[in-house]
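> This is a predicted model, with the sequence first.
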Amino acid sequence: MKKNIKIYLGSDPHGKELKDVVKNHLTSLLTNDQFSNLEIVDLGTQDKYYDIAFELASLVGERKNLENSEEKKGILVCGTGMGMSIIANKVPGVYASPCQDVKTAFDSRGINNSNVLTLGSIVTNNDNAKEIIETWLKTSFTSGWEDKQDVKDFLENSMKEIPKLISNHSHIPYSTQALSGDTNNEASFVPIPGLDERCKWCLLRQERHVNTSDSNDDSIERLRAVVRFPKGSMEPPHHHTHGHDVFVIRGHKTVKNLTTGVDYDLRPGGYLYTPATQIHQVFYHEDTEYWFGSDEGFDMMWDTDVKNVVFEEDQ
């Protein structure tokens, strides 16, 4: 008995026309026994490519799907397919591949076990897209390596090792509760001093890693966390003992660097690196979640002698 496959479709405005072509072609394939187990779910078109990419990838990458009799895949269409694949691959359990021809479609399944296909309307015409989709759907993992058992073993083992690699070195959890900052036994919350408890850092402190180099006795503490602040929250002036990276998953925040005098307006997909010792203040215009990372021993220092900046929303 063939496993049912639910295929989610989504696009931004640049990919809408090609996405509709893809949908119609998939619908026509349902009469073919080879594709009769498909269920097509059109998530529509969103103005921001990263919103639809994240929504679709979250559905495909749900952890419970791993034990479900129903398989889930996704097809995303934008201008080139690149932006969609970058965002989709931020979701654990998703292997998104931008494909421009039959060869890359075949290899993305046979080698990489791709479960999300991204297409670009600028670089892929309708007929080519149809060929890519059919190849991608028909190709099973390890296809093309039937006569090379060592390669098959390597590929099959990679699907076990990659999730472990991510789990060991990334602190973005599978749990949507932990991602949203809700109470969860995987998360520990640390309120910002002097503010009410609705402003919390989901630090996942117990998952910090300490790397020790063979060449010396110094230990490097690597911190990865998903942080959540509700709308209206403000981080008072502060600095960190080491530089850190921020990548906004959802929401809207403004970082005012009081050392350099530069403001940074960050929305989904926005990235910012702040060097150590630079004093900054942050205001959250919307409920905001972001990825936070530092590769060195990390601490936060409150600069109580620096006057708070008045943000527009505080007027």
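Now that the structure is in, tell me what you want to look at. For clarity, every value in this text was computed on a predicted model and none was experimentally measured.
> does residue 9 have beta-bridge partners, and which?
residue 42, residue 75 (DSSP bridges).
> what's it in contact with, if anything?
Residues near residue 9 by Cβ atoms under 8 Å, 6 or more residues apart in numbering: 19, 22-23, 26, 40-43, 56, 74-77. No exception for glycine: its C-beta is placed from N, CA and C like everyone else's.
> switch the cut-off to 7 Å
By Cβ atoms under 7 Å, 6 or more residues apart in numbering, residue 9 lies in contact with 19, 22, 23, 40, 41, 42, 43, 75.
> and those, which are buried?
With burial judged by 16 or more other Cβ atoms under 10 Å, the buried subset of the contacts of residue 9 is 19, 22, 23, 40, 43, 75.
> what two of those are the furthest from one another?
22 and 43 (12.5 Å; Cβ to Cβ).
> for this structure, what are the low-confidence residue spans?
Residue ranges of the chain with pLDDT under 70: 1, 62-69, 166-222, 295-299, 304, 306-315.
> which helix of it spans the most residues?
For the chain, the helix with the greatest residue count under DSSP state H is helix 149-169.
> May I see the buried residues of that helix?
Buried, per 16+ other Cβ under 10 Å, within helix 149-169: residue 155.
> can you check stretch 74-93 too?
Within stretch 74-93, the residues that count as buried by 16+ other Cβ under 10 Å are 74-81, 83-93.
> Show me the helices in this structure, by range?
Assigned by DSSP H, the chain shows helices spanning 16-29, 49-60, 82-88, 102-110, 126-138, 149-169, 176-180.
> Would you mind measuring from residue 21 to residue 38?
16 Å (Cβ to Cβ, to the nearest Å).
> swap that for residue 11, please
Taking Cβ to Cβ, one finds residue 11 at 18 Å from residue 38.
> And these two? Which one has more around it.
Using other Cβ atoms under 10 Å as the criterion, residue 11 and residue 38 rank with residue 11 on top: 29 against 18.
> ok, for the more buried one, nearest residue in space, not its chain neighbours?
residue 19 (3.8 Å; Cβ to Cβ, 6 or more residues apart in numbering).
> in terms of contact, does that neighbour touch residue 74 like I think?
No - using Cβ atoms under 7 Å, residue 19 makes no contact with residue 74, being 11.5 Å away.
> Centre-most residue in this structure?
residue 90 (2.0 Å; Cα atoms, centre = their mean).
> quick one, domains of this protein?
Structural domains annotated on the chain: 5-138, 184-314, as defined by automatic domain parsing.
> out of the ones you listed, which comes closest to residue 165?
domain 5-138 (11.5 Å).
> just how off-centre is that closest one within its chain?
16 Å (Cα atoms, centre = their mean, to the nearest Å).
> Now do the contacts for residue 137.
Here residue 137 is in contact with residue 35 (criterion: Cβ under 7 Å, 6+ apart).
> Can you tell me how far it is from residue 75?
Relative to residue 75, and taking Cβ to Cβ, residue 137 is found at 10 Å.
> Next: residue 27.
13 Å.
> Residue 270: neighbouring residues, count only.
Residue 270, neighbours per other Cβ under 10 Å, totals 18.
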